[in-house]
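Participant: here you go, sequence then predicted model.
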Amino acid sequence: MVAWASALSKTRNMLKQVFSPSVGDVDELNIEDLEEILLRSDVPVRLVMEIVDQLASAPRKVSRKELLRDLLLSELGEAHSFFWPTNKNPFVLLLLGVNGSGKTTTAAKLAKLASGQGLKPMLCGSDTFRAAGSSQLKLWSEKVGCNFVGGEMGADAAGVAYNAVEEAIANGCDPVIVDSAGRMHTKTPLMDELPKMCRSMDKRHAGAPHEVWMVLDASLGQNAIIQAKQFHQVVPLSGIVITKLDGSSKAGFLFSVRSELNVPILFTGLGEGEDDLVPFDPIEFVDALFGESGGE
Ligand SMILES: Nc1nc2c(ncn2[C@@H]2O[C@H](COP(=O)(O)OP(=O)(O)OP(=O)(O)O)[C@@H](O)[C@H]2O)c(=O)[nH]1
Ligand SMILES: [Mg+2]
């Protein structure tokens with residue numbers, strides 16, 4: 001809870017301006033200020049309008065803060081708990097996203113989580129665009145203490161992914177977490193590489209990758225949704241990881257994910273360390289927005 005509260009301190013501090021300590025007091029709430037703050041936090045316009053309408057028309061005895069909390073929670077829907085499937089032999093997960101969104105760090109954090117649960121993960125560094133792309137993940141694999149397969153700069157990313165799956169099968173590693181090179185959603189040739197990677201893994205291990213998660217940088221706000229839609233068209237996404245929630249004042253775009261993408265938010269990055277990845281919990285997220293303490 002402390003991590004969530006401190007991660008969301010920027011947005012929370014803005015909200016505090018409209019909800020005075022005597023929260024719930026109708027007269028203390030300036031709806032225009034709230035509207036501006038929600039929009040600045042990248043909460044979708046449609047939802048902001050709905051919130052403003054509902055708050056303005058609610059009976060006086062209803063706590064505005066509670067009503068806002070309920071509206072935000074219902075927009076996020078239920079929490080989606082993720083458990084590593086153990087019947088895929090191995091389960092293969094592909095991570096993708098634009099440059100610098102946090103894919104490599106997230107791959108390492110996920111491997112750490114899987115190791116902690118007694119699994120034997122394999123990290124695959126298929127970022128062969130950059131000289132340091134694959135070696136960065138290799139360093140992480142040493143830190144986390146797990147198997148690793150990578151490729152030289154310029155190597156075929158699909159081939160690297162194929163090799164990783166093959167080696168995982170040979171060594172009994174499960175899950176396989178495949179990191180990919182950052183790519184802009186607008187660059188067609190690079191985007192075309194993603195289905196090729198999927199076909200290559202499927203050739204070695206039918207059904208792989210079993211899941212494809214997009215890693216979204218929270219500081220991008222609504223732009224992250226535009227990117228995700230493009231990726232979703234090229235390779236259907238089964239999950240979303242939101243990184244850099246710590247320090248983002250644009251976390252309101254999370255409220256667009258369900259209505260615009262209908263892909264579950266599974267994990268959230270709350271820092272740069274290997275343990276700073278937590279399952280996404282809508283209640284903790286929304287409560288951290290209104291929390292009164294922590295992480296100032
Ligand atoms: N504060 C914070 N920083 C993060 C988080 N996740 C990743 N980062 C930082 O973001 C930067 C980019 O992370 P990478 O994991 O290299 O991102 P990437 O998507 O693999 O980047 P490319 O491979 O270049 O596309 C690094 O400095 C990470 O430490 C997070 O949850 N919080
Ligand atoms: Mg990377």
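Facilitator: Received the coordinates, thanks. Residues are numbered from 1 along each chain as shown. Ligands and ions are numbered 1, 2, ... in the order given.

Participant: show me the helices in the stretch 151-296 of the chain, by range?
Facilitator: Using DSSP state H, counting those that start in this stretch, the helices of the stretch 151-296 of the chain run over 157-171, 188-204, 222-234, 254-260, 282-290.

Participant: tell me which element whatever residue of the chain ends up closest to ligand 2 is part of?
Facilitator: Relative to ligand 2, the nearest point of the chain is Thr104 (3.3 Å; C-beta to the ion). All C-beta atoms are positioned from the backbone trio N, CA, C, and that covers glycine. Assessed by DSSP states H and E, Thr104 sits inside helix 103-116.

Participant: state the mean pLDDT of the helix or strand just after that helix.
Facilitator: Using DSSP H and E, the helix or strand that follows helix 103-116 in sequence is strand 122-125. For strand 122-125, mean pLDDT rounds to 98.

Participant: can you list the residues that contact strand 122-125?
Facilitator: By C-beta atoms under 8 Å, 6 or more residues apart in numbering, the residues outside strand 122-125 that reach it are 90, 104, 107-108, 111, 133-138, 140-141, 144, 146-151, 160-161, 164-165, 167-168, 171, 173-179.

Participant: go with 6 Å
Facilitator: 107, 111, 134, 137, 141, 146-150, 161, 164, 168, 173, 176-179 (C-beta atoms under 6 Å, 6 or more residues apart in numbering).

Participant: that strand close to ligand 2?
Facilitator: No: for strand 122-125, no contact with ligand 2 is found by C-beta under 5 Å from the ion; the gap never falls below 8.4 Å.

Participant: please apply the same query to stretch 235-251.
Facilitator: No: on the criterion C-beta under 5 Å from the ion, stretch 235-251 is out of touch with ligand 2, staying 11.4 Å away.

Participant: picking up where we left off before, what would the helices of the stretch 151-296 of the chain look like in TSV with mean pLDDT and distance to Glu211?
Facilitator: What follows is those, written out as TSV (pLDDT from 0 to 100; distance: least, C-beta to C-beta, whole Å):
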stretch	mean pLDDT	distance to Glu211
helix 157-171	98	14
helix 188-204	96	11
helix 222-234	96	13
helix 254-260	93	16
helix 282-290	88	20
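
Participant: now the ones you listed as CSV including distance to ligand 2?
Facilitator: Shown next, in CSV, are those (distance: least, C-beta to the ion, whole Å):
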stretch, distance to ligand 2
helix 157-171, 12
helix 188-204, 14
helix 222-234, 15
helix 254-260, 22
helix 282-290, 25
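
Participant: mind putting these into JSON lines with distance to Ile31?
Facilitator: JSON lines is the format used below for those (distance: least, C-beta to C-beta, whole Å):
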{"stretch": "helix 157-171", "distance to Ile31": "50"}
{"stretch": "helix 188-204", "distance to Ile31": "42"}
{"stretch": "helix 222-234", "distance to Ile31": "22"}
{"stretch": "helix 254-260", "distance to Ile31": "18"}
{"stretch": "helix 282-290", "distance to Ile31": "16"}
